[in-house]
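Enquirer: got a predicted model here, sequence first, then my questions.
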Amino acid sequence: MCSLDEARVRAVIEDRAGRLPIAGRLAARYCPMAGCELHDLSITVNAEAACGDGVLRIRQPKIGGGQVDVWMPVTFHLRKVNGTWSVTDERTPMPIRARGAPRSLDCSH
């Protein structure tokens with residue numbers, strides 16, 4: 001494994017997380033000014049593929065006071081094509097209530 005490839009993969013993942021991955025986009029739907037941070041990123045790289053996993057933190061003040069503060073795992077899969085790393089898959093479980101309402105990301109309460 002080349003440390004240059006690992007650095008490039010890390011940069012792609014961090015850029016992707018900064019642009020709000022799946023969970024972040026959902027958080028943005030319910031909390032338009034949600035902050036999204038990636039923590040504890042671990043990366044495995046070989047010549048043509050890479051994966052990274054970490055913990056995504058989404059924070060947002062609630063309208064009525066208090067703050068939404070959600071931590072969830074996130075996994076990225078990348079492929080190297082013509083020397084460029086790109087995300088091919090991204091997984092983030094979404095914490096929801098049993099009836100399907102996204103309570104953990106509801107900023108109205």
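Expert: Yep, it's here.
Enquirer: so for stretch 86-103, mean pLDDT?
Expert: Averaging pLDDT along stretch 86-103 yields 69.
Enquirer: helices of this structure, residue ranges please.
Expert: According to DSSP state H, the chain carries its helices in the segments 3-18, 22-30.
Enquirer: weakest of those helices by average pLDDT?
Expert: In terms of average pLDDT, helix 22-30 trails the rest of the helices of the chain, at a mean of 56.
Enquirer: ok, the residue lying closest to Val68 once chain neighbours are set aside - how many residues close by?
Expert: Closest residue to Val68 apart from its sequence neighbours, by CB to CB, 6 or more residues apart in numbering: Gln60 at 4.7 Å. Just so you know, the C-beta spots here come from the backbone N, C-alpha and C atoms, and that holds for glycine as well. By other CB atoms under 10 Å, 21 other residues sit near Gln60.
Enquirer: the strands in the chain, which residues?
Expert: Assigned strands in the chain, in chain order: 35-45, 49-61, 67-81, 84-91 (criterion: DSSP state E).
Enquirer: point out the most buried one among these.
Expert: Across the strands of the chain, averaging neighbours per residue (mean count of other CB atoms under 10 Å) puts strand 49-61 on top, at a mean of 19.
Enquirer: as CSV, the strands of the chain with distance to Arg8 would be great.
Expert: As requested, these are arranged in CSV below (distance: least, CB to CB, whole Å):
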stretch, distance to Arg8
strand 35-45, 9
strand 49-61, 9
strand 67-81, 9
strand 84-91, 5
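Enquirer: wait, which of those strands is closest to Val12?
Expert: strand 84-91 (4.9 Å; CB to CB).
Enquirer: now the angle from the closest one to helix 3-18?
Expert: Counting by axes from the mean of the first three to the mean of the last three CA atoms, to 10 degrees, strand 84-91 lies at 50 degrees to helix 3-18.
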